[in-house]
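> here are the coordinates; sequence isn't available:
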């Protein structure tokens, strides 16, 4: 299997991104508003893994890390997550936040730690993902940058 490199998504990639997110129970409502924050891995032209990095002042929100079910178990979620965390770090961000209903343990194994929503910076809480699209029941996690 030949997988292409991680690349920034273009507006023309939005239908594939939205289909992949929708099929995996992730929100799609604001993808078209900011396609430039998403990155993907393709297999022969088909988007098989994706994730986003939404800036929020000196922090970022890691968004919508998803892998097509047929390609799970191959390290693609880790690969795209590490890529996005590395981008945040190279941009000089101080922390990466995320919300998840199903993958808290996975992200804790990558170095994230649970954080109370009351301790999340205002810039993150004002994102649409945080304020409206993800339910209050979602776990909130943070990774402080730079990583040690």
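That came in fine, so what should we check first? Since the structure is predicted, the reported quantities are computational estimates derived from the model, not experimental observations.

> what about the residue nearest to the spatial centre of the chain, helix or strand, and which?
Closest to where the C-alpha atoms of the chain average out (C-alpha atoms, centre = their mean) is residue 63, at 2.7 Å. Taking DSSP states H and E as the criterion, the element that holds residue 63 is strand 59-67.

> ok, residues contacting that strand?
20-21, 24, 26-27, 31, 37-38, 48-54, 76-77, 80-81, 84-85, 88, 91, 93-99, 103, 121, 123-124, 127, 129-130 (C-beta atoms under 8 Å, 6 or more residues apart in numbering). To be clear about C-beta, it is placed using only N, CA and C from the backbone, and glycine gets the same treatment.

> again with stretch 107-114
So stretch 107-114 is contacted by 78, 81-82, 85, 96, 98, 100, 104, 139-143, 147 (C-beta under 8 Å, 6+ apart).

> Most neighbours among these, which one is it?
residue 98 (29 neighbours; other C-beta atoms under 10 Å).

> Take the contacts of stretch 107-114 and keep only those in helices.
Among the contacts of stretch 107-114, DSSP state H puts 78, 81-82, 85, 104 in helices.

> ok, which pair from these is furthest apart?
82 and 104 (17.7 Å; C-beta to C-beta).

> Present the contacts of stretch 107-114 as a markdown table; the columns should include distance to residue 6 and pLDDT.
Converted to a markdown table, those look like this (distance: C-beta to C-beta, whole Å; pLDDT from 0 to 100):
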| residue | distance to residue 6 | pLDDT |
| --- | --- | --- |
| 78 | 12 | 96 |
| 81 | 11 | 97 |
| 82 | 10 | 96 |
| 85 | 12 | 97 |
| 96 | 16 | 98 |
| 98 | 18 | 96 |
| 100 | 20 | 93 |
| 104 | 24 | 95 |
| 139 | 25 | 93 |
| 140 | 25 | 95 |
| 141 | 22 | 96 |
| 142 | 23 | 98 |
| 143 | 19 | 98 |
| 147 | 19 | 81 |
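
> that older thread, ok, and the closest non-adjacent residue to the residue nearest to the centre of the chain?
residue 52 (3.7 Å; C-beta to C-beta, 6 or more residues apart in numbering).

> And residue 1, what's its pLDDT?
Note on residue 1: pLDDT of 39.
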